[in-house]
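Novice: Generate coordinates for the sequence data below:
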Amino acid sequence: MKKITIKKLIAVIWAAWLLGSAASATTLMVIPIFEPLSLQGTDGDDAISDTGDALQACVMSRPMALSGAFPEVLVDAIRSPHLIPSNQPNYKVQEANLLVLCNIGISGTIAAGGITVRLDVSQLAIPPKVDLTSRQILKLTVVALRKTLEDYQRPQTQPLSVTLLIEGTSEANSGLRNLATHFVLGEPPSPK
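Specialist: As a prediction, the model looks like this:
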């Protein structure tokens, strides 16, 4: 009777070790993620060439160590909390990512036809200290999304079809839906 119990114990320990080994074998890569950032608390307006506006905001990249399925993990990472480091003790901004500040959700779902990205504006609330419109914030987010996926797509051999949907609009902000778009990254140049 004791041999069966010991065998079961050894089997449980072996299974736990295998599961632990599999979990630690996950690929972890450092990837640049572009984010729409508020420049509140700074003295600079940044000209956003991609949107054509001079704003107290910009799209910048930062390295992130990520694991899991790509490119949908990259899309989710665009909404990561971001505290901008500073050597100035008076700089007290606790959050710079506009998606976090304004409570905008973003998610990506991969399928055979490409990736579908959803921007959820149902909880959108722009803090008074953020001097931007919801349209400007979403335009910056589209730039961040495109730059993040372009960087990922560069070494890939197959094109990536990206569909961006704007969800959760109300009657008051229904015009945001026209920011929905579709683009293909990594498409071979057309013959001339």
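
Novice: Please count neighbours and contacts with C-alpha atoms only from this point.
Specialist: Noted.

Novice: ok, now how distant is the spatially most central residue of the chain from Gln158?
Specialist: Closest to where the C-alpha atoms of the chain average out (CA atoms, centre = their mean) is Ile78, at 2.0 Å. Separation of Ile78 from Gln158 (CA to CA, to the nearest Å): 23 Å.

Novice: May I ask which helix or strand encompasses Val75?
Specialist: If you go by DSSP states H and E, Val75 is part of helix 72-77.

Novice: I'd like the next helix or strand past that helix.
Specialist: helix 98-101.

Novice: Give the partner strands of the following helix or strand past that following helix in its sheet and their orientations.
Specialist: Going down the chain from helix 98-101, the next helix or strand is strand 105-111, by DSSP H and E. In the sheet, strand 105-111 lines up against strand 114-120 (antiparallel) (DSSP bridges).

Novice: Only the buried residues of the partner strand, if you could.
Specialist: Neighbour-count burial for strand 114-120 flags Ile115, Thr116, Val117, Arg118, Leu119, Asp120 (criterion: 16 or more other CA atoms under 10 Å).

Novice: Chain neighbours aside, what residue packs nearest to the second one?
Specialist: In other words, Thr116. Distances taken as CA to CA, 6 or more residues apart in numbering put Thr163 closest to Thr116, at 4.7 Å, once the chain neighbours are dropped.
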